[in-house]
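Asker: All I have is the shape, not the residue letters:
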């Protein structure tokens, strides 16, 4: 169980701090819904450890993550901007998610090939991100996060701006992760994304 308990945060100069509280279980997707500026991305950054709250706690399996650095938290993030390394090919970008030092086993490389095939990117492993469409880049970013095999997946507008075919492909990929027991926290303005993927909604 992921529990966010009275998590309070404010940026410098912000007079009215945000306060967050919710819980979600493995295999569930909770959608974070609110207007622009309501704190959706801030909440995901707090969960990931990129921001430090004023007070409150984040519990995973009843253990606090407050003092746990981002790289040791049991979660990985996917952003709308892809965050791919432009000078590295697709296989290397995904491989960095599996092992930061790229010490990949033959099984790891096989998993990358199979994952690319599953999203219609077979034969794209040596291409650079600049040679990909927006939908293809987002597939690579999502595969990189999934192959890290963390129990929590943080999704910040991951399907925004994609065409229908790309959205359908990535939604199916995310539904498969839910079926495997991955807990997802989804920030999305898209009503269809929330309807298809989410089990519950947390309104900000």
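Answerer: Received, thanks. Given the structure is predicted, the values throughout are model-derived calculations rather than measurements.

Asker: Name the SS class of residue 111, please.
Answerer: Assigned with DSSP: H, G, I helix; E, B strand; the rest coil, residue 111 falls in the helix class.

Asker: sorry, that was for residue 92
Answerer: helix.

Asker: Next: residue 201.
Answerer: Assignment for residue 201 (three-state DSSP): strand.

Asker: right, and it touches residue 34 too?
Answerer: No - counting by CB atoms under 8 Å, residue 201 does not reach residue 34; the two are 10.0 Å apart. (Each C-beta comes from the backbone N, C-alpha and C, glycine too.)

Asker: by contact count, what packs against the biggest helix by length in the chain?
Answerer: Counting residues, the longest helix found in the chain (DSSP state H) is helix 164-179. The elements that helix 164-179 packs onto, with contact taken as 3 or more CB pairs under 8 Å, 6 or more residues apart in numbering; DSSP states H and E, are helix 134-146, strand 152-156, strand 183-187, helix 191-197.

Asker: which of these sits most buried?
Answerer: strand 183-187 (a mean of 26; mean count of other CB atoms under 10 Å).

Asker: tell me which element residue 22 falls in.
Answerer: Under the criterion of DSSP states H and E, residue 22 resides in strand 18-24.

Asker: any idea of the angle that strand forms with strand 152-156?
Answerer: Interaxial angle of strand 18-24 relative to strand 152-156 (axes from the mean of the first three to the mean of the last three CA atoms, to 10 degrees): 130 degrees.

Asker: buried set for strand 18-24?
Answerer: 18, 19, 20, 22, 24 (16 or more other CB atoms under 10 Å).

Asker: now stretch 175-184
Answerer: 177, 178, 182, 183, 184.

Asker: unless I'm mixing things up, the first one is touching residue 184, no?
Answerer: Yes - the pair residue 177 and residue 184 passes the contact test of CB under 8 Å, sitting 7.0 Å apart.

Asker: Spell out which residues are contacts of both of these two.
Answerer: Counting by CB atoms under 8 Å, 6 or more residues apart in numbering, the contacts common to residue 177 and residue 184 are residue 153.
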